[in-house]
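Trainee: Coordinates only, no sequence provided:
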């Protein structure tokens, strides 16, 4: 039994030889705008057990604040109940929150740090 001959190539799939190169082509609108990533605030929350010194240490260690900036943020947390430590993209904010919370738990502090959209 003989094998069937192969099908002839489809002329629409071949690139040359036609006077109508754009026949069957489709124009596609491509959106070239880029969107600005949403920013997230990292918030420190006040509690009655975490020491002020520990909050200052976290702000200097994880957020690269000067001792003066860290003290100002810590006092804002203490007086107003919460304060913004920084504003970052989502993944950076979540990583900073996770690192601070891990350090706090290892140090036996109940510090609460959260990230929320700006």
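Mentor: Now that the structure is in, tell me what you want to look at. Keep in mind that what you see is a predicted model, and the values were worked out from it rather than measured.
Trainee: how about the longest helix anywhere in the chain: buried residues?
Mentor: Secondary structure of the chain read by DSSP state H shows that its longest helix is helix 90-106. Neighbour-count burial for helix 90-106, counted by 16 or more other CB atoms under 10 Å, picks out 92, 93, 96, 97, 100, 101, 103, 104. Where C-beta positions appear, they are placed from N, C-alpha and C, glycine not excepted.
Trainee: which one of those residues is nearest residue 50?
Mentor: residue 104 (7.2 Å; CB to CB).
Trainee: What's the separation between the nearest residue to that closest one once chain neighbours are set aside and residue 77?
Mentor: Of all residues not flanking residue 104 in the chain, residue 111 sits nearest, at 3.9 Å (CB to CB, 6 or more residues apart in numbering). Separation of residue 111 from residue 77 (CB to CB, to the nearest Å): 10 Å.
Trainee: Mutual contacts of these two, please.
Mentor: Common contact partners of residue 111 and residue 77 (CB atoms under 8 Å, 6 or more residues apart in numbering): 44, 45, 55.
Trainee: Just to be sure, which of those residues are found in helices?
Mentor: Among the shared contacts of residue 111 and residue 77, DSSP H puts residue 55 in helices.
Trainee: tell me which of the shared contacts of residue 111 and residue 77 is nearest to residue 71?
Mentor: Nearest to residue 71 among these is residue 55, at 9.2 Å by CB to CB.
Trainee: quick one, helices of the protein?
Mentor: Remark: helices assigned in the chain by DSSP H are 52-63, 67-80, 90-106.
Trainee: So which of the ones you listed is nearest residue 118?
Mentor: Closest approach to residue 118 among those is made by helix 90-106 (9.7 Å; CB to CB).
Trainee: which residues sit against that closest one?
Mentor: With contact meaning CB under 8 Å, 6+ apart, helix 90-106 is reached by 37-38, 40-42, 50, 54, 58, 61-63, 85-88, 110-111, 113-115.
Trainee: got the angle for that helix vs helix 52-63?
Mentor: Inter-element angle recorded for helix 90-106 and helix 52-63: 140 degrees (by axes from the mean of the first three to the mean of the last three CA atoms, to 10 degrees).
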